[in-house]
Structures are given as C-alpha cells and as structure tokens.
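> Got a sequence here, can you build the structure:
(2 chains)
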2 protein chains.
Amino acid sequence: MINANMDTLKTIHVPAKIEAYGLIQDKLDQVERHLLAEQPGQHSLLTDSAEQLFKAGGKRIRAAICLLSAGVFGAERGSSISLAAGVEMLHTATLIHDDLLDGSALRRGKPTINAGQNAPFSVLIGDYFFARAANLVAEANNVDIMNQFARTLMTILNGEITQRFSLWQVDRQEYFERIYAKTGDLFVLAARAPATLGGASQENLMAMERFGYYVGTAFQIIDDVLDFSSQQTQLGKPVGNDLRQGLFTLPAILYAGRNQHDPDLQLLLDVQDGAHPAAADLIDSIRKSGVLDEAKGEAKDLVALGKQALGTLPYSEYIEALISVADTIVERKA
Amino acid sequence: MINANMDTLKTIHVPAKIEAYGLIQDKLDQVERHLLAEQPGQHSLLTDSAEQLFKAGGKRIRAAICLLSAGVFGAERGSSISLAAGVEMLHTATLIHDDLLDGSALRRGKPTINAGQNAPFSVLIGDYFFARAANLVAEANNVDIMNQFARTLMTILNGEITQRFSLWQVDRQEYFERIYAKTGDLFVLAARAPATLGGASQENLMAMERFGYYVGTAFQIIDDVLDFSSQQTQLGKPVGNDLRQGLFTLPAILYAGRNQHDPDLQLLLDVQDGAHPAAADLIDSIRKSGVLDEAKGEAKDLVALGKQALGTLPYSEYIEALISVADTIVERKA
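Now for the predicted structure:
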C-alpha cells in the first residue's frame, strides 16, 4: 500500500487538545446529554449513578475518536453521536464491575459506585449501563455495528476473565493480547464503526481499524506506565498497584527480561503475594531502571504506526485532529 | 377488531407439551447448540459455565414461543434460531446475577454459578452471557429487533432495581408493573421479534405483543403461586421465600386485601423481617385461604386473553402450538 501522505503526517504535531476537540465540541456536548439522559420510568438510583459517573469528568477520548472518524467519513450526525455515547457508556459499565471486583473505593479521586450508598446495587447498575450502551449503539441503526459492539463486549469480558487467571506471569505476548481485549478492541470499535456508518471502502475500514488498534494499545501502555510513575496518592492506590495484584504489565515485563536473576523478582514470583516486601523493592527497582521510558517509547512507536495508518486517507481537518488526539496519548500525565 | 377465530381457539386445548414442541424440535436442538457453542478464544471457565447452565435442562419456553412465532410469520430459519437462542441467553444472564445478589446456592436443584468454584467470577460470567445474548440477537440481522432487545434488557434491570426498593409493600398495581419488567417484556420480545423478522403487519405485531404480554404475566403469576404451594425442599428455599424477602406477590396481595387486620400481616409489615415467626404464620394462612387458586384463576384468565389475541391471525399448526404452550403455563407444577 502506497502511503502518499505519510511524510506530511509524521511531521504534524498538534499538542493543543482543545484544538482537536474544538471541531466536535458541539457533538461532544450532545454525547454528554445522552450519557446523562433519564429514560422513561428510570429509577432515581440510576439517574443518580449516571450523574456520579459522568459528571466526574473524563477525557472522553473514545467518543472523540468516534466523532472525528465520523467527520472523516461524513457519517450521519445523530447516529454518530449515539454511537459515541454508546462507546463511552460501554467503557463506563465495564469500569463499574471492575471497581466492584477489585474493591476499589476511588477512581480518579472520586468515589466508585461500589464504595457509596448504592454499593449493594453495583452489579445491577453496571448491567443497566451495559443495556443502555446497547440501546445507544442500536440507535445508530446499523446491524454491522451492532455486531461489532456485541463482539467487542465479549472480547472485553473474556479478556477480564482470562486476565484473572494470568496473574504472576511474565509473558510479553500474553500482555499484548490482554491489552487488546481490555482497551484496544474498544478503540477499534470507536475508530472503525463510524467509517462503517459513512460507507467507507474496505481499505479505509482497515485503515481505521489499524489506527484504533495502535492508538488503543499505546493508550493502555501509558496507563500501565503511569501505574508505576504516578504518586497516585489521590487515587488511594499504592504505586505499582498492578504488580502488587500480580499483573505484570509492560514495564515489569521489560525489567524482568533484563534482570531475570533479580532476587526480589524471583522471590515475588515464588511467593505470589503483592504484600510481600519484595514487591515494594521490585517496584522501586523498576521505577529507577529506565524501563518506564522504554515502555513509553514503545507507546510512541505505536502512536506513530497509528498515525501512519491514516496516511492513505485524504487529508482533512478531521484527520489532523485524530493525529492530535493520538499525540495527546503519550503526553498525558494522569 | 373482529375476532373470527376466537371461539374456535377458546375451545382448543392441546395439553401435550411434546406436540407443541415437536413442530420446532430440530430448531430447538439448534438453539441448544448455539447456547453451548464455544466462541473463538473463549476461556474454558465460560465454556464450563455454559455447560453447567444449559445442560441443566429447562423448559426453553421463551425459545419455543420465539420459534413458533417465527413459524407463524415465515421468518427466516437461521435468524429465528439465533434470536431464540439470544432470548434464552439473556434470560440466563439475568438469572446468574439474580442468584448472585440473592446468595442463592441452588436453582431448580442444581448449584448456581455463585455457589461453585467459579463464584468469584459470577459478575463477569453474567456480563459475558449478556454480551453473547446481544451477539446472538445481532445475528438475526435486524435493527428494530436489536433495539427491542436493548430496551427489554433496560426494562428488566430497571425493574430489578425498582423491586429492591419496593419491599414490604402491598400494591397490586406495582406488582403488575414489576412482573411486566421481570418477565412480561421478555415474553413480548420472544413473541413479537420473529413477527418483525417475518415482515408482519402492524396489527399482527400488536397481536403477538399482546400474546407475549398476557402469557408472560400469567407465567410469572404461576411462578409466584408455586413459591407458596411447592414444598421446594429440593430448591433449598423455604416455602414463601418471596414473602420472607419482603416481596408481596399476587397471592399475598389478594390475601392482604381480604384480611387487612390479620395480626401476622400487621406485625410483619411493621417489623419488616422475614425471619420473624409472623412470616411463617402468614405464609401458612395464605396457603390455607384459597388465594392460591384465585391467583391461578387470574393467570388462567390472562392465558385466555393471550389465546384470544391470536384470534385475528390465520389459523395454522403454529398457532395451535402457541395455544398449547400457553395452556401448559397454568398447568405446570414446578
């Protein structure tokens, strides 16, 4: 595949997040209204939960990618907005059950559903938001997309279960499969589904799929780096929370590959207990070893591949904005 | 609306369940295969859970109604089977989370997911089966139906939450709203969606909607009667389990309407504790009072209305089988 615009794209760097979102701000506002919209007969508990979940803010990066992709392919406005809201809703529903299963009391400094007075209803609240996500995506009125949505949800949940059986394993391939299921596939849905809506060619669908895949994977790697580099006191989680739970993410995998005989690593894999002092020591070693920058470098390379995937598409302000969103991923600090 | 066939239908009574299912047995067998089908990359925990859930048997009444409705309207075979499997899958997913929230160890004498070795995964297993239900329904390839599916799921979950806030209330209207959300709406989906697939007229869609509504409501009333009349030792649940949990179903509502000053009733509504001796005494009074037969009579009347709704449709063996299925509802003993 000849990539005429690639060189141009590679040199473009639009750091101002506002610039990227500006193009779609009115649509993002409508997405917010969909997320908060009370349904007929809806119990006040669900309305309150929606407020708690969606008024807490959030980058809405999945919705932004969805709406920008819709701009590229001229997808119908109402359907694009429903789809973007459905993608964010699905993401939020998975977080409700994640927080419940992990017993997390805070997410981004705000109380989780399972930590508040509605705790006994966390399972049902998450279920309801899954249903509402399906409802929003169905409003986009496209059977192919509905199929993509259901498949993505299956992938996420199958990945969640698989992850819980892959603790205390240092396996790079398994890691990339895991983050595809956890994050990559939903980014693929966000990037590709609006192209489906806009009647894109097979080649262009593939381009958006690759963009979603690379950018989503990079997003998760940065998340995993931040788990080591942030102080996270605000989140109520200790530094290196993933590792303490037995989850080896890219920084830990890179470190382990290079320091196979590190006694803390050996001990930890042996005792499989995140509360063991070896965990804190290993986390410290990982932070000091330079692997965080290395992992960030891998994320940057993936973002570059994502931008490159857009190279076959006709250049437009929407493409420019997608590139800007991709760039913000590796720049984020929280 | 003139109902030419009504008299004929009212006199028809086909009790043999096998006769009704015989028409669609090969399709029901395919539904079973869909329910058990392992998806690519699916974790063995999910495959095992599907076996545990679906090999335990079950009447598959929702699937049967769906396939018989498909027969009435000549809906495409593959889509009808996917739809029927999706409806059963949705039903099963709601039961997984119900049993989890209620802490039930047995359902129909078999261990629940939350009682076995996979207990810590009950939330995710239920979620996965919701996703798979959406996936199966999406395979029916119809946007309208996908919308009906998502709305039904929202109704069920909103109803579940509302129910948990309506304990210790004696309210007939609230009861009928609750059982519509819990059971009626999914029967409506099962009955009407295949008519949508088959391109039925608005009048015929409405007829199937009414059939689903009346029959589904009757089904739940019988369930609620059986909660009082069965010994249920096999289920590990005490007689009158609903009432003990604060849930006033039709028998209790009928009894309360007639015995407002029953001291056990007064006491129980006051203390709101199913473990109080007044609960057992009240359950005993309800069992002896004749309201179980009265509630069953209401269910019979609803089934008659359901059969009557079919009266505008051209008579066929599928209609006959739907009538037979409706009749089995009030005859069932467990």
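> Spell out which parts of the stretch 151-300 of chain A neighbour chain B.
A:R151, A:L153, A:M154, A:I156, A:L157, A:N158, A:E160, A:I161, A:T162, A:R164, A:F165 (CB under 8 Å from any CB of the partner chain). No exception for glycine: its C-beta is placed from N, CA and C like everyone else's.
> Is it possible to mark the buried ones in these?
A:R151, A:L153, A:M154, A:I156, A:L157, A:N158, A:E160, A:I161, A:T162, A:R164 (16 or more other CB atoms under 10 Å in any protein chain shown).
> Chain A: strands as residue ranges?
A:106-107, A:110-111 (DSSP state E).
> For the last one, enumerate the helices and strands it packs against.
Strand A:110-111 makes packing contacts with no helix or strand when contacts are defined by 3 or more CB pairs under 8 Å, 6 or more residues apart in numbering or on different chains; DSSP states H and E.
> returning to that earlier point: a markdown table for the residues of the stretch 151-300 of chain A next to chain B, including distance to A:G184?
Putting those into a markdown table (distance: CB to CB, whole Å) gives the following:
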| residue | distance to A:G184 |
| --- | --- |
| A:R151 | 13 |
| A:L153 | 14 |
| A:M154 | 14 |
| A:I156 | 10 |
| A:L157 | 15 |
| A:N158 | 13 |
| A:E160 | 14 |
| A:I161 | 17 |
| A:T162 | 14 |
| A:R164 | 19 |
| A:F165 | 20 |
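> In helices only, show me those residues.
A:R151, A:L153, A:M154, A:I156, A:L157, A:N158, A:E160, A:I161, A:T162, A:R164 (DSSP state H).
> and the closest residue to the second one other than its chain neighbours, how many neighbours?
Take A:L153 and drop its neighbours on the chain: the residue closest to it by CB to CB, 6 or more residues apart in numbering or on different chains is B:A131, 3.7 Å away. The tally of other residues near B:A131 (other CB atoms under 10 Å in any protein chain shown) stands at 26.
> Could you do the one 4 residues further on as well?
Other residues near B:N135 number 22, with proximity taken as other CB under 10 Å.
> Verify the contact between it and A:N147 for me.
Yes. Using CB atoms under 8 Å, B:N135 is in contact with A:N147, at 7.2 Å.
> any idea how far A:L124 is from chain B?
Separation of A:L124 from chain B (CB to the nearest CB, to the nearest Å): 5 Å.
> the longest helix in chain A is where?
Assignment by DSSP H gives helix A:202-229 as the longest helix of chain A.
> joint contacts of B:N135 and A:N147?
Contact criterion CB atoms under 8 Å, 6 or more residues apart in numbering or on different chains; residues shared by B:N135 and A:N147: none found.
> Reformat the ones in helices among the residues of the stretch 151-300 of chain A next to chain B as a markdown table; add pLDDT.
Formatted as a markdown table, those follow (pLDDT from 0 to 100):
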| residue | pLDDT |
| --- | --- |
| A:R151 | 96 |
| A:L153 | 96 |
| A:M154 | 96 |
| A:I156 | 96 |
| A:L157 | 95 |
| A:N158 | 95 |
| A:E160 | 93 |
| A:I161 | 93 |
| A:T162 | 93 |
| A:R164 | 90 |
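> which one among these gets closest to A:E203?
A:R151 (21.4 Å; CB to CB).
> Name all residues that make contact with the spatially most central residue of chain A.
Nearest to the geometric centre of chain A sits A:T183, at 4.4 Å (CA atoms, centre = their mean). Residues near A:T183 by CB under 8 Å, 6+ apart: A:G216, A:T217, A:F219, A:Q220, A:D223.
> from those residues, which has minimum pLDDT?
When the contacts of A:T183 are compared by pLDDT, A:D223 scores lowest at 94.
> how close does that one get to A:L250?
Distance, A:D223 to A:L250, by CB to CB, to the nearest Å: 10 Å.
> can you check A:T155 too?
20 Å.
> List the buried residues of stretch A:66-79.
Those would be A:C66, A:L67, A:L68, A:S69, A:A70, A:G71, A:V72, A:F73, A:A75, A:E76, A:S79, for stretch A:66-79 by 16+ other CB under 10 Å.
> Repeat that for stretch A:46-62.
Within stretch A:46-62, the residues scored as buried using 16+ other CB under 10 Å are A:L46, A:S49, A:A50, A:Q52, A:L53, A:F54, A:G58, A:R60, A:I61, A:R62.
> Any chance you could list what contacts it?
Contacts of stretch A:46-62 (CB under 8 Å, 6+ apart): A:28, A:31-32, A:35-36, A:38-39, A:84, A:87-88, A:91-92, A:96, A:108, A:110-111, A:113, A:116, A:118, A:125, A:128-129, A:186-187, A:190, A:219, A:325, A:328-329, B:158, B:161.
> Go again with 7 Å.
Contacts with stretch A:46-62, where a contact means CB atoms under 7 Å, 6 or more residues apart in numbering or on different chains, come from A:28, A:31-32, A:35-36, A:38, A:87-88, A:91-92, A:108, A:110, A:113, A:118, A:125, A:128, A:186-187, A:190, A:325, B:158, B:161.
> quick one: contacts for the residue lying closest to A:L101 once chain neighbours are set aside?
With sequence-adjacent residues excluded and distances taken as CB to CB, 6+ apart, A:L101 is closest to B:V123, at 6.1 Å. Residues in contact with B:V123, defined by CB under 7 Å, 6+ apart, are A:H97, A:L100, A:L101, A:V123, B:L100.
> A:M206: how many residues sit nearby?
Around A:M206 there are 16 residues (other CB under 10 Å).
> Sketch out the low-pLDDT regions of chain A for me.
A:1-19, A:232-236, A:334 (pLDDT under 70).
> go again using 80 as the cut-off
A:1-20, A:57, A:105-109, A:116-119, A:231-237, A:333-334 (pLDDT under 80).
> ok so, going back, give me the buried subset of the contacts of stretch A:46-62.
Among the contacts of stretch A:46-62, the ones that count as buried (16+ other CB under 10 Å) are A:28, A:31, A:35, A:87-88, A:91-92, A:113, A:118, A:125, A:128, A:186-187, A:190, A:325, B:158, B:161.
> Thank you kindly, that will do.
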